[in-house]
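> sequence unknown, structure follows:
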Ligand SMILES: Nc1ncnc2c1ncn2[C@@H]1O[C@H](COP(=O)(O)OP(=O)(O)OP(=O)(O)O)[C@@H](O)[C@H]1O
Ligand SMILES: [Mg+2]
C-alpha cells in the first residue's frame, strides 16, 4: 500500500472524529503558535533595532557616568559630570575624531509662527555630527554656537503648515524662557538617532549644546555644580564646586554662557576615526583615561560611587538582544513543554483509537493487510494530527506575530526557517507519539481482533 | 510435520490438506479445540462443516484460511505449509488465495460498500481506479449496484452479507471460506446468498461453508461433521447445489 493511500484512509478516520482530533491537536497548535509568534516578534524587533545602526553610527561611543551597580539601559542613573572643557580636551586626543555632549532640553512647547504645540521631551542638545549627514533629507547639520535646529519629519509635521528649512521656531523651556532657532535641516526618519534617545518614532528637535544647553545649564546652576547640584543652592559650595570656581572665578556664569566650558553633560558621544574595532577601543580608552586623570573636571566626581560607561550602539543593543534571547529561550522552553503535552495527547488518543478499532484492524489483516500496512495507517494518522497541528499553529503564530509587530510598529520579518522547522517538528511529534500505538496496532493478532467485541 | 512429498501431492487436485492437525489452548487445563484432524479438500469442491457449538469449526476455518497456525500437524494451503511461512508470507498467501465471509459481516463501518469491497485489493497494491471498477462490477453481480455509496449502517443485514461476499471474491480467491454466512438472514436472503455460492462453485472456486442448518449444508457436495475437535464422519452428497432429502430431520442440534 502506498503512502498516498495510507494518508487518504487515515484522513478518513480523523474526519470521523472531528472534535476529538481537533482537541488532540490543540497542544501542538499552542506550542507551535507560541514559538512562531515570539520568533517572528523577536526577529522583527532585532531587524527594527539593528537596522537602525548605520555604519556611521558604528564609530560612535556613547558615554555616561553612573553608579557602577546601576542596572539598566543607556543613561540609567546618569549624572552630569563631564564638562564642556573635558569634551574639548577629549576631542584634542589623537585617538578621537570628535567629542560632544548630549543633553535633553526640558522643554514645554514649540511654536512656529502663531501656532504652538506642546512638546515635553524630544528637544535634544548635542553636537553637530550627531545628526549624520546621510540621514538628512533636506538642509544641513546645525553649526555649534548658532541658534539653529534640525527637525525630524514628525516634529516638522506637527504644525498645520509643515515647518521647512529656513523657518523659525521658538522653543519654550521649562520655566518659561523662550529660545528661537532657525530650522536648517530635516532628517529622513522619525526614529531615534542613538541609543540615548531610544529607537521609537516620535517628534524630535536637535539643537547645538551651545547655546541651548549651556544657557539652560547656567540658569539651573549646572555650570559649576556636579551631581545632585541641580536642585541645590549655590551657597552649599561643595568641594567639587570650589575647584571649578577657582578656575573661572567671578564671571564664570557669563563665560559658561559664552562657550559652555563649564556646563556639565549628562551624556557624551565620542567619535572614533573609523568603525574599526581597534580604533573604537583606542578612542574609548583614551577618553576614559583622560576623564579619570586629574586633568579632567569630571575626575572630581568619578570614583567608587560614579564611574564612566562607554559603549557603542552595538554593545548597548547587545544587552537588549541578550534579554530578548533569554526571553525567547524561555518561550521556547514553555513551547517545548506544550509540544510534549501535545505529543502525549496524540499518543493517548492513538492508543484509544487502536483499542477502539481492534476489530477493524482484524478485518484489514484478514483481508490481506500486512503488519507494515497497519503500522503505516496509524503512523500516518498520528503524523497528520501532528502536521495539521503544526500548520494551524504556524498560521496562528504568524498572525499573532504580525499583529504584534504591527502594533509596536516594527518591520515585519517572517522567520521562514522556523516555519519549515515547525512543520518538521509536527511530523516528528506525529511519528514519535504514533510509533508505539501504531506498533501495538500492527502486532494485533487478527483472530483475537476479530473475536474482539 | 509435513510428510515428505506433501507439497507435490497437493498440486493439482488438492486445494487444502490437513494432517493430524491439533490446536490446543492452554488455559490452566489445556483445551483441545482441534484434536487430530486429517482432511483433504479437493480443488473446486464444495464442502460444508457442521457440528455442535464449541466443536472447533471456527478454529478449523481459521487454520484453513491462514489466519492461524496449528499447535501440531501440518496445514498445506495451495502447496505451502502454513506453519513454516513467516507472518508476512502467510498474510500474502491469505490475501491472494483466500476469501473470507464472516458470520458477523465484519465490514469496515466508516467505508462505503464500494470501498469495503475494494479494500483487499488496496493491500495487494492494485491502483485506485482499477480497484473501484472491479468493486463496482462485483457489487452489481450481488445485486447492490444501487447501494455502492452506502456505509454498512445504511444497509440491511442481507445487503451487508452480500457486500461481505463481494469483498471475499474481489481478489479472485481460489478458496472461499464462509463461517455461518446465513446465520442472521431471513430465508429469502439466505436463498439468494446460497445461490451465489452455487455460482462461485460452478465458476470453479473451492468453497468451505460452516453452518448449523442442515438445508444449507445440503447445498454442498459433502458434509464434514465435527465433534469435540475431531472429525466424527464425512457425508458425501453427490452433486452440489441440489438439496437432497433431509437425512436426519432438518436442523442439527446446536
Ligand atoms: N482463543 C481461544 N482461547 C481459548 N480457547 C479457545 C480460543 N478459541 C477457541 N477456543 C476454544 O476452542 C473450542 C472450539 O472453538 P470454536 O470457536 O472453533 O468453536 P465453533 O465450533 O466455531 O463453535 P460455534 O459454533 O459456537 O461458533 C471452544 O471450546 C473454545 O472455547
Ligand atoms: Mg464458530
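It's in. This is a predicted model, so every value here is computed, not measured. Ligands and ions are numbered 1, 2, ... in the order given.

> show me what from the stretch 1-150 of chain B comes close to chain A.
Within the stretch 1-150 of chain B, the positions lying close to chain A (CB under 8 Å from any CB of the partner chain) are B:62, B:65, B:67-68, B:87-88, B:91-92, B:94-96, B:100, B:102, B:106-111, B:119-120, B:122-125, B:128. Where you see a C-beta, it was placed from the backbone N, CA and C, and this is true even at glycine.

> shaky segments in the chain?
As the question left the chain open, I've gone with chain A. Across chain A, the ranges flagged by pLDDT under 70 are A:1, A:49-56, A:199, A:218-261.

> nope, chain B please
Counting by pLDDT under 70, the ranges of chain B that qualify are B:1-12, B:239-254.

> which parts of it sit against ligand 1?
Counting by CB under 6 Å from any ligand atom, chain B comes close to ligand 1 at B:25, B:27, B:31, B:33, B:51, B:53, B:54, B:55, B:56, B:57, B:58, B:59.

> for the first one, what are its contacts?
Yep, that's residue B:25 we're talking about. Going by CB atoms under 8 Å, 6 or more residues apart in numbering or on different chains, residue B:25 touches B:31, B:33.

> give me phi/psi at it?
Residue B:25 has phi and psi values of phi -100, psi 130 when expressed as degrees, to the nearest 10.

> same question for the second one.
Per-residue torsions, residue B:27: phi -130, psi 70 (degrees, to the nearest 10).

> quick check: bridge partners of it?
Following DSSP bridges, residue B:27 is listed with bridge partners residue B:29.

> if we can go back for a sec, just the buried ones from the residues of chain B next to ligand 1?
Buried members of the residues of chain B next to ligand 1, scored by 16 or more other CB atoms under 10 Å in any protein chain shown, are B:33, B:51, B:55, B:56, B:57, B:58, B:59.

> what's the most distant pair in the residues you listed?
B:33 and B:51 (11.7 Å; CB to CB).

> mind checking the SS state of the nearest residue to residue B:167 once chain neighbours are set aside?
Leaving aside its sequence neighbours, residue B:167 sits nearest to residue B:117 (CB to CB, 6 or more residues apart in numbering or on different chains; 4.8 Å). Classification of residue B:117 by DSSP: H, G, I helix; E, B strand; the rest coil places it in helix.

> count of residues packed around residue B:104?
15 (other CB atoms under 10 Å in any protein chain shown).

> just name the closest of the buried ones among the residues of chain B next to ligand 1 to residue A:210, please.
residue B:58 (105.9 Å).

> so what's residue 35 up against?
Answering for chain A, as no chain was given. Neighbours of residue A:35 in contact, by CB under 8 Å, 6+ apart: A:331, A:332, A:335, A:397, A:418, A:422.

> that answer is for a different chain, and I need it for chain B
B:22, B:56, B:228, B:229, B:230.

> residues contacting residue 66?
Here I'm looking at chain A. So residue A:66 contacts A:75, A:76, A:77, A:78, A:79, A:306, A:307, A:309 (CB under 8 Å, 6+ apart).

> oops, chain B please
B:75, B:77, B:82, B:85, B:90, B:91, B:93, B:94, B:98.

> can you do 6 Å?
With contacts taken as CB atoms under 6 Å, 6 or more residues apart in numbering or on different chains, residue B:66 has the following neighbours: B:77, B:82, B:90, B:93, B:94.

> what about the residue nearest to the first one when sequence neighbours are not counted, helix or strand, and which?
If you skip the residues right next to it in sequence, residue B:77 has residue B:16 as its closest partner in space, 5.3 Å away by CB to CB, 6+ apart. Take DSSP states H and E as the rule and residue B:16 turns out to sit in strand B:14-27.
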